[in-house]
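**Q** quick one: sequence and predicted model below, then my questions.
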Amino acid sequence: MKLYYYSSPSNIHIIRNSEKLCDSQTDILALVIIKASNILYRDLLRRTWSHSRTYQNFTLKTLFVIGTSMTITNETLKWEYQNFQDIIQFDIPDHLDYLQLYKEIVAFKWSERYCSQAKFIVKISGNVIVDPFTLITRMKEFMNTSTLKSVSSHGRELHESNKTQR
């Protein structure tokens, strides 16, 4: 049995990095947390909502955040990475569910470094189909209100608070 120990997300390294995914036109970055072995599901998402494009004058870019897999070959992931350039892979074993939070933390750190120009960064579970038009509508509502809101993955507001005046 192999023992994995991560004392903090800073011990996690990038294996594959799509650092050129974002550009100055990126409005929304969708971080899709998904297992490396879910190739068919990533392909389905690319053919539907996650294909980088512009919706209602908002540019949506999708980054698939994966770990390492014991069931998929490195060559398969290399091919997918080279052909789509929408994957970031960390050295976190995908089969250990308790490490998924670390994958999310390092994905947000990645977005801060490589996609800081995005107006919104959205974390999405890999088993979710997103309606980009509803997502854009919600983002426009956020931009046009003086209130900060938190939203669950189902679109229900969890809480809201006034913006801090500076």
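**A** Great, that's in hand.
**Q** mind naming the longest strand for this protein?
**A** When the chain is parsed with DSSP state E, its longest strand is strand 58-68.
**Q** burial of the nearest residue to Q85 once chain neighbours are set aside, as a residue count?
**A** Distances taken as Cβ to Cβ, 6 or more residues apart in numbering place S18 nearest to Q85, at 5.0 Å, with adjacent residues excluded. (Each C-beta comes from the backbone N, C-alpha and C, glycine too.) By other Cβ atoms under 10 Å, 19 other residues sit near S18.
**Q** returning to what we had before: state the mean pLDDT of the helix or strand just after the longest strand of the chain.
**A** Next along the chain after strand 58-68, taking DSSP states H and E as the criterion, comes helix 74-84. Helix 74-84 shows a mean pLDDT of 92.
**Q** name the surrounding residues that touch helix 74-84.
**A** R16, S18, A36, I39, R42, R46, I66, S69, I87, Q89 (Cβ atoms under 8 Å, 6 or more residues apart in numbering).
**Q** so which of those wins on neighbours?
**A** So for those (other Cβ under 10 Å), the most neighbours sit at I66, 30 neighbours.
**Q** tell me the contacts of the closest residue to that one other than its chain neighbours?
**A** Spatial nearest neighbour of I66, excluding adjacent residues (Cβ to Cβ, 6+ apart): A36 at 4.2 Å. A36 is in contact with I66, G67, T68, S69, I72, L77, Q89, D94, counting by Cβ under 8 Å, 6+ apart.
**Q** now the most centrally placed residue in the chain: which helix or strand?
**A** Nearest residue to the geometric centre of the chain (Cα atoms, centre = their mean): L31, 0.7 Å. Assessed by DSSP H and E, L31 sits inside strand 28-33.
**Q** adjacent strands (with direction) for that strand?
**A** Applying DSSP bridges, strand 28-33 is found paired with strand 58-68 (parallel), strand 120-125 (parallel).
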